[in-house]
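> coordinates only, sequence not included:
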């Protein structure tokens, strides 16, 4: 959390919801647990079933940006997409070659869209030994389709 607080320019969060007003409007909602869950999500974010303070088996940072890019076209596509996402506030701007404490990088790859010559940007959060998806307790996700959340 210290990295987030010390680098707010890297972690822009924007929501049109006034959370305090939302809480007030739902003061008499009968499902208090649901309201509390939604409010927590609005205030601190959501990553279902993830433990972002994993065991000591996980390093403090992990550079997992190893993916080999198959072609210069794919490399240019990934660079352009990342610049566009940063411009929209969806990706953090570049901040240097080293990860900050608590950061894990994710391999970004380009895959063809079905029935098209166009490419799609994919962040593979299941790649590698210390991938982000290994922070999820698999026993809690039985039956859930995480791709549809």
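Structure received. Everything quoted here is computed from the prediction, not taken from an experiment. Numbers count the residues shown, from 1 in each chain.
> which SS class is residue 13?
Classification of residue 13 by DSSP: H, G, I helix; E, B strand; the rest coil places it in coil.
> Next, find the distance separating residue 63 from residue 21.
41 Å (C-beta to C-beta, to the nearest Å). All C-beta atoms are positioned from the backbone trio N, CA, C, and that covers glycine.
> leaving aside the residues next to it on the chain, what's closest to residue 69?
Nearest residue to residue 69, sequence neighbours excluded (C-beta to C-beta, 6 or more residues apart in numbering): residue 75, at 4.4 Å.
> How much space separates the one you found from residue 81?
Taken as C-beta to C-beta, the span from residue 75 to residue 81 is 11 Å.
> Where is the longest helix in the protein?
When the chain is scanned for its longest helix (criterion: DSSP state H), the result is helix 72-87.
> can you map out the helices along this protein?
According to DSSP H, the helices that the chain contains are 2-6, 19-25, 32-44, 72-87.
> So which of residue 75 and residue 81 has more stuff around it?
More crowded of residue 75 and residue 81, by other C-beta atoms under 10 Å: residue 81, with 16 against 12.
> okay, residue 63 and residue 21: which has more neighbours?
residue 63 (14 against 9).
> Per-residue pLDDT of the closest residue to that one other than its chain neighbours, please?
Spatial nearest neighbour of residue 63, chain neighbours left out: residue 105 (5.1 Å); criterion: C-beta to C-beta, 6+ apart. On pLDDT, residue 105 comes in at 85.
> and stretch 56-76, average pLDDT?
Stretch 56-76 comes out at a mean pLDDT of 82.
> Of all residues in this structure, which one is nearest the centre?
Residue closest to the average C-alpha location in the chain (C-alpha atoms, centre = their mean): residue 47, at 7.9 Å.
> what's near enough to touch it?
By C-beta atoms under 8 Å, 6 or more residues apart in numbering, residue 47 lies in contact with residue 136.
> Check it and give its pLDDT.
With respect to pLDDT, residue 47 has a value of 72.
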